[in-house]
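1. let's see this in three dimensions:
(chains A and B)
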Amino acid sequence: MPKSPNRIAVPPSGGPSFRPKTNTTAPISTLCRVNGPLSVATIVVALVLAVWYLIRAALNRPPSRFDLLAMGVLGVLVAVLVLVAVAGLFDGSRPSDTATFSGYLITTIAFAPTGFVLARMEPTRWGSLILGVACLTLPVLVLRLQQIASVVTGG
Amino acid sequence: MAEPASPRDTKARPRDAALGSGPGRVLLTVYIIFAVAAGARAGVQIALKFSEAPLAYLLSALAAAVYIAATVGLAIGGKKGRLIALTSCSIEMVGVLVVGTLSIGDKAAFPDQTVWSDFGSGYGYVPLVLPMIGLFWLWKNRA
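-> Numbering: from 1, shown residues only, chains lettered A, B, ... in the order given. This is a model prediction of the structure:
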């Protein structure tokens, strides 16, 4: 996961703000709503599925109907997470790096569907591996979202 | 795994199979991830704070372009796709080694991270391993 400690300590001057900002001190608990039980659930489900898919790939099994369905469920979970986060953007505190945050949100919501489509195209063990890789990357994306969200304007 | 051969057994991979199928499609998936990651990073860096570290941000853009090219090459396959993928994987290999070495040796020139800084340690060293796997895959699937 990309680390940029100096970026977190000092929000970039001029910043990615498109509007004048007021110094709102947001309680950490909001974190643009990406640090709640929903993201914990997403991360746990993704990791459990990742292990499952990797085992399937190791056993030379193509993605089953169940596997694809599970990926779909994970996709829905992620979509809810992202929508809640987007709603949070219009609700007071914003991460000081809103541009990056939005970029990650778009990537995150597109992720499970992309993995799903690619795995459908590959009905071999490698399809299972694609699902596994996707499920290993999603937690990283969610953690990055939390990281970026934890730096709020004036916070 | 010596499983009883299923009809979709990957060992029966035909020699003229598309570059972007089988293990190649996994590679393609990872390249898509990196094309998006590097592309978005470069976009944000250049659009919002280019003057802070122009060299690092231009390198980010170059890295992004290379990942996108590799993705396209693997996806279209054939002679042309192979050539594109081969070129971009080679640039990638050189890039990650040179930038990795420079970023460790000369911190001042790289005040901000790129995908290739510190041999891609910010991305779990995947940027270092990926071109190796890519080149191996292209070599294994040479016509």
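2. report how many residues lie close to the residue nearest to B:Leu135 when sequence neighbours are not counted.
-> Distance criterion Cβ to Cβ, 6 or more residues apart in numbering or on different chains; nearest residue to B:Leu135, sequence neighbours excluded, is B:Cys89 at 5.0 Å. Placement of C-beta: from N, CA and C, glycine included. For B:Cys89, the neighbour count with other Cβ atoms under 10 Å in any protein chain shown is 26.
3. in a helix, B:Cys89, correct?
-> Yes. With DSSP: H, G, I helix; E, B strand; the rest coil as the criterion, B:Cys89 is located in a helix.
4. contacting residues around it?
-> Counting by Cβ atoms under 8 Å, 6 or more residues apart in numbering or on different chains, B:Cys89 makes contact with B:70, B:131, B:134-135, B:138.
5. closest one of those residues to chain A?
-> Distance to chain A, by Cβ to the nearest Cβ, is smallest for B:Gly134 among these, at 14.7 Å.
6. where does B:Ala17 sit: helix, strand or coil?
-> Of the three states, B:Ala17 takes coil according to three-state DSSP.
7. picking that back up, need the contacts of B:Cys89 in JSON lines (columns: pLDDT and secondary structure).
-> As requested, the contacts of B:Cys89 are exported to JSON lines (pLDDT from 0 to 100; DSSP: H, G, I helix; E, B strand; the rest coil):
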{"residue": "B:Ala70", "pLDDT": "95", "secondary structure": "helix"}
{"residue": "B:Pro131", "pLDDT": "95", "secondary structure": "helix"}
{"residue": "B:Gly134", "pLDDT": "94", "secondary structure": "helix"}
{"residue": "B:Leu135", "pLDDT": "95", "secondary structure": "helix"}
{"residue": "B:Leu138", "pLDDT": "92", "secondary structure": "helix"}
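8. compare those and tell me which is most surrounded.
-> The most crowded member of these is B:Ala70, carrying 29 neighbours; neighbours defined as other Cβ under 10 Å.
9. list the contacts for it?
-> Neighbouring residues of B:Ala70 by Cβ under 8 Å, 6+ apart: B:31, B:35, B:84-85, B:88-89, B:92, B:134.
10. please report the distance of it from B:Ala17.
-> Between B:Ala70 and B:Ala17 the computed distance is 19 Å (Cβ to Cβ, to the nearest Å).
11. so for the spatially most central residue of chain B, what's the nearest residue that isn't a sequence neighbour?
-> For chain B, B:Tyr67 is the residue whose C-alpha lies nearest the centre (Cα atoms, centre = their mean; 4.7 Å). Spatial nearest neighbour of B:Tyr67, chain neighbours left out: B:Ala35 (4.1 Å); criterion: Cβ to Cβ, 6+ apart.
12. before we move on, what about A:Arg120?
-> A:Leu68 (6.8 Å).
13. isn't that neighbour right up against A:Glu122?
-> No. The criterion here is Cβ atoms under 8 Å, and A:Leu68 misses it with A:Glu122 at 11.6 Å.
14. out of the two, which sits in the more crowded spot?
-> With neighbours defined as other Cβ under 10 Å, A:Leu68 and A:Glu122 compare such that A:Glu122 has more, 26 against 15.
15. for the closest residue to the more buried one other than its chain neighbours, what are phi and psi?
-> Distance criterion Cβ to Cβ, 6+ apart; nearest residue to A:Glu122, sequence neighbours excluded, is B:Arg25 at 4.6 Å. With angles defined as degrees, to the nearest 10, B:Arg25 sits at phi -70, psi -30.
16. picking that back up, can you list contacts of the helix or strand containing the residue nearest to A:Arg120?
-> Assigned by DSSP states H and E, A:Leu68 belongs to helix A:65-89. If you take Cβ under 8 Å, 6+ apart as the criterion, helix A:65-89 is touched by A:30, A:32-34, A:36, A:38-39, A:41-42, A:45-46, A:49, A:52-53, A:56, A:63, A:98, A:101-102, A:105, A:108-109, A:111-113, A:115-116, A:119-120, A:128, A:131, A:134-135, A:138, A:142, A:145, A:149.
17. A:Ala87: neighbour count?
-> Residues lying near A:Ala87 (other Cβ under 10 Å) number 11.
18. got it, and A:Gln146?
-> If we define neighbours as other Cβ under 10 Å, then A:Gln146 has 18 of them.
19. surely it and A:Val34 touch.
-> Yes. Taking Cβ under 8 Å as the definition, A:Gln146 is a contact partner of A:Val34 at 5.2 Å.
20. let me see the contact set for A:Thr137.
-> A:111, B:33.
21. what packs against the helix or strand encompassing B:Val30?
-> Per DSSP H and E: B:Val30 is located in helix B:23-49. With contacts taken as 3 or more Cβ pairs under 8 Å, 6 or more residues apart in numbering or on different chains; DSSP states H and E, helix B:23-49 sits against helix A:98-121, helix A:125-149, helix B:54-76, helix B:126-140.
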